[in-house]
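Participant: Mind folding the following:
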Amino acid sequence: MSDPRQAVAHEIASRLLSINAVALSPDAPFTWASGRVSPVYCDNRLTLGYPDIRRAICSAFAERLALVGWRVDAVVGTATAGIPHAAWLAEALDLPMAYVRGAAKGHGKGNRIEGHIPAGAHVVVVEDLVSTGMSSTAVVAPLVDAGLTVSGILAIFTYALDAADRAFAAAGIPLETLSSYPALVESAGRSGSFDAPTLQSLESWYRDPAAWSVAHGGAG
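Facilitator: Residues are numbered from 1 along each chain as shown. Here you go, the predicted structure:
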């Protein structure tokens, strides 16, 4: 029996491509904050403007939770792009919702976690994008410090880099993503949008992002 996650990965990838939330440009690569250049750029905030796509994402998140069987007493969003998707998922599941700030608020109560979550709750964290995994896993410590148990992290898209695998392994937190860079490239290939040499270039970035960046004029 085929894994239902594969069908979802290609469906979500196609939807993200259709609104340019994930863009592929191997001939004119994007420059990341690190100075590396990449043939892919993801801005899932664009999904906010498309009710059908954001509903599809919410439904896919709920279905994934049912599939993996995590205990979920509340939903937590990452600041800032994960917040709206966490809110829609919490509404669909009729659960409490909160979000984690990137840093504690500099005034008032100095909160790092905003919203109300029952003491001792098991939470699922909603993220829009996983790159190296460092920012995603950084939300775990403040939640644990607040007496909560993180059942896992849900994300719309992942670049599926080895660095992210290492970060989640070190944090001891499971990750489930709706789609990924390999699924995106495969979907782009199916659509006929790119020729064979271009697809090979896209695949070579995934195998060694640093070497690809250097070869295309970016940092290693």
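
Participant: export the lengthiest helix in the chain as PDB, just CAs?
Facilitator: In the chain, taking DSSP state H as the definition, the longest helix is helix 51-68. In PDB, the C-alpha atoms belonging to helix 51-68 read as follows (Å, rounded to 0.1, in the frame of the first residue of the first chain):
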ATOM      1  CA  PRO A  51      -8.200  30.600   0.900                       C
ATOM      2  CA  ASP A  52      -8.400  27.300  -1.100                       C
ATOM      3  CA  ILE A  53      -4.600  26.600  -0.500                       C
ATOM      4  CA  ARG A  54      -4.600  27.500   3.100                       C
ATOM      5  CA  ARG A  55      -7.700  25.300   3.700                       C
ATOM      6  CA  ALA A  56      -5.900  22.500   1.900                       C
ATOM      7  CA  ILE A  57      -2.800  23.000   4.200                       C
ATOM      8  CA  CYS A  58      -5.000  23.000   7.300                       C
ATOM      9  CA  SER A  59      -6.800  19.800   6.200                       C
ATOM     10  CA  ALA A  60      -3.500  18.100   5.300                       C
ATOM     11  CA  PHE A  61      -2.100  19.000   8.800                       C
ATOM     12  CA  ALA A  62      -5.200  17.500  10.500                       C
ATOM     13  CA  GLU A  63      -5.000  14.400   8.400                       C
ATOM     14  CA  ARG A  64      -1.300  14.000   9.200                       C
ATOM     15  CA  LEU A  65      -1.900  14.300  12.900                       C
ATOM     16  CA  ALA A  66      -4.500  11.500  12.700                       C
ATOM     17  CA  LEU A  67      -2.000   9.400  10.700                       C
ATOM     18  CA  VAL A  68       0.900   9.800  13.100                       C
END
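
Participant: Outside of it itself, which residues are in contact with it?
Facilitator: Here helix 51-68 makes contact (Cβ atoms under 8 Å, 6 or more residues apart in numbering) with 4-5, 8, 11-12, 15-16, 19, 47-48, 72, 84-85, 88-89, 92-93, 124, 126, 152, 154, 156, 174, 176, 178. Where C-beta positions appear, they are placed from N, C-alpha and C, glycine not excepted.

Participant: Average pLDDT for it, rounded please.
Facilitator: What helix 51-68 shows for mean pLDDT is 98.

Participant: Now that helix: buried residues?
Facilitator: Buried positions in helix 51-68, judged by neighbour count with 16 or more other Cβ atoms under 10 Å: Ile53, Arg54, Ala56, Ile57, Cys58, Ala60, Phe61, Ala62, Arg64, Leu65.

Participant: returning to what we had before: I'd like to know which of the contacts of helix 51-68 are buried.
Facilitator: 5, 8, 11-12, 15-16, 47, 72, 84-85, 88-89, 93, 124, 126, 152, 154, 156, 176, 178.
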